[in-house]
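Peer 1: After the sequence you'll find the predicted model.
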Amino acid sequence: ARAVSQSAVTAGGTDGAAFLAKRDAAVAFTNALDTTAEILGYSGVTAGGLAKAWLSGITDAATLAAAIATPALDATILALTADPATITSVIPPAAGTYKAGQALSFTVNYSAAVTVTGVPQLPLIIGTTVRNASYSSGSPGTALVFTYTVQVGDTDTDGIVCRSPLVLNGGTINNGTLTFTQLTATGVRVDAIAPTIAITTNKTLLALGATATLTFTLSEASADFALGDIGVTGGALSGFAATSGTVYTATFTPAANSTTAATITVAAASFTNAAGNANVAATSLSLSVNTVAPGVVITTNRSTVAVGQTATLTFTLSAASSNFSAGDISVTGGALSNFTASSGTVYTATFTPAPNSTTAATITVAAASFADAAGNANLAATPLSIGVSTVAPTVVITTNRSTLALGQTATLTFTLSEASADFALGDIG
């Protein structure tokens, strides 16, 4: 009763009529208490809050009359002096492992109906982290439902704990206590950790004919990780196989005739773990690729060489090589000398034709004679042909008379072994 009287004073404010109405209501409330249980029924703090809420609606003679009428006043006395409802049990959600985005609903059962305002909370311990399930439904009533949505990163392997007491969080649970026996829901577990995947390789540079063994290491086992989850550019995968619950391997074969780096990756949400959490994207793996076989082009400064002449040959490689040498060059109809590198891809040599020959010379480089920096063996060069004429022409002189008398002449014939464009009278001695 004292709580009601004190609340009348604090709720009266400066309005004289309202103050008098609240005072008279408090007096009527006190006079109407019939039993010791009603008088001792509620704690001062709780009764004070309820009494203040009741008195706030009494502002004048009319509202006073309505509030202290017998049925209304009896109901108020019952509400302010009845024993509070206690929490009889906390029912967790169904046993299972919950993932990110799933809702966990807990039912808090009271011994009598309660009324909720605002959003009180049920504290939870998930793993080592304190979370809060927020009130969602049940008021007025005896079964209040509190809901928490699992967040990414939550994990609990031995059961969620429901921690006492309930937290009002600025709201109220009228006529209800807040404490209960702490509950560990051992069957309610949480796995909201997204699985990860690391991609490694046994080779970082792939040449013509080479392959790499790729290893895919998952942070936890997955029932649906498959070859189709792997993105590949610059080549193809084969031989995909699981070597354990978390380790997979595959063979990567680079694209032919390419120098474009290959990329291997696994996109986010390609596979899931046992709880159904989708993976985060893998860090892409890049492989250097060089599957272009080097070539060599042979050129000459002379297409024909004669007696006493030489030709300068140039060998131009499509890619630098550390093992191209004079021994890689095949020559018929002559010989090479002065083999020299003028750059990483250009070499020169002097060709001297065979003497006393009219057979064309051939210069070539066979396939797989040298390699580029990636180890790719060269393609065969297109052979170079050089005309050779190192046979000296001859001339035979004949006459129609071997003896000449006074007044006679002889006809001389000069027969060359091959045509000449510059044989002249002055050449005859």
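Peer 2: Arrived safely.
Peer 1: show me where pLDDT drops low in the stretch 101-250 of the chain?
Peer 2: Of all residues in the stretch 101-250 of the chain, none has pLDDT under 70.
Peer 1: what's the closest non-adjacent residue to residue 17?
Peer 2: Using CB to CB, 6 or more residues apart in numbering and skipping residues adjacent in sequence, the residue nearest residue 17 is residue 60, 5.7 Å away. All C-beta atoms are positioned from the backbone trio N, CA, C, and that covers glycine.
Peer 1: helix or strand for residue 19, which one?
Peer 2: Here residue 19, judged by DSSP states H and E, is contained in helix 16-32.
Peer 1: ok, residue 57 - contacts?
Peer 2: By CB atoms under 8 Å, 6 or more residues apart in numbering, the contact list for residue 57 reads 63, 67.
Peer 1: And for residue 290?
Peer 2: 205-208, 258-259, 372-374, 376.
Peer 1: Just the strands from the stretch 151-300 of the chain, written as ranges.
Peer 2: Here the stretch 151-300 of the chain has its strands, by DSSP state E, counting those that start in this stretch, at 155-156, 160-162, 172-174, 183-185, 188-191, 197-201, 205-207, 212-218, 230-233, 235-242, 247-254, 262-266, 285-290, 296-300.
Peer 1: Kindly present those as JSON lines, with separate columns for distance to residue 380.
Peer 2: JSON lines is the format used below for those (distance: least, CB to CB, whole Å):
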{"stretch": "strand 155-156", "distance to residue 380": "63"}
{"stretch": "strand 160-162", "distance to residue 380": "73"}
{"stretch": "strand 172-174", "distance to residue 380": "91"}
{"stretch": "strand 183-185", "distance to residue 380": "76"}
{"stretch": "strand 188-191", "distance to residue 380": "61"}
{"stretch": "strand 197-201", "distance to residue 380": "32"}
{"stretch": "strand 205-207", "distance to residue 380": "18"}
{"stretch": "strand 212-218", "distance to residue 380": "28"}
{"stretch": "strand 230-233", "distance to residue 380": "31"}
{"stretch": "strand 235-242", "distance to residue 380": "26"}
{"stretch": "strand 247-254", "distance to residue 380": "23"}
{"stretch": "strand 262-266", "distance to residue 380": "28"}
{"stretch": "strand 285-290", "distance to residue 380": "19"}
{"stretch": "strand 296-300", "distance to residue 380": "9"}
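Peer 1: so which of those comes closest to residue 139?
Peer 2: For the strands of the stretch 151-300 of the chain, distance to residue 139 was read as CB to CB. The smallest value, 8.2 Å, belongs to strand 172-174.
Peer 1: neighbouring contacts of the closest one?
Peer 2: By CB under 8 Å, 6+ apart, the residues outside strand 172-174 that reach it are 50, 114-118, 120, 144, 166.
Peer 1: Roughly how far does residue 20 sit from residue 28?
Peer 2: Distance of residue 20 to residue 28, given as CB to CB, to the nearest Å: 13 Å.
Peer 1: Start and end of stretch 373-388, how far apart?
Peer 2: 37 Å (CA to CA, to the nearest Å).
Peer 1: re earlier: mind giving me the packing neighbours of the helix holding residue 19?
Peer 2: On a contact count with 3 or more CB pairs under 8 Å, 6 or more residues apart in numbering; DSSP states H and E, helix 16-32 meets helix 2-12, helix 44-55, helix 61-68, helix 70-81.
Peer 1: May I see the buried residues of it?
Peer 2: Across helix 16-32, burial judged by 16 or more other CB atoms under 10 Å covers 18-19, 21-26, 28-29.
Peer 1: Near the residue lying closest to residue 279 once chain neighbours are set aside, how many other residues are there?
Peer 2: Closest residue in space to residue 279, ignoring its immediate chain neighbours: residue 195 at 4.7 Å, by CB to CB, 6+ apart. The number of residues packed near residue 195 is 21, by other CB atoms under 10 Å.
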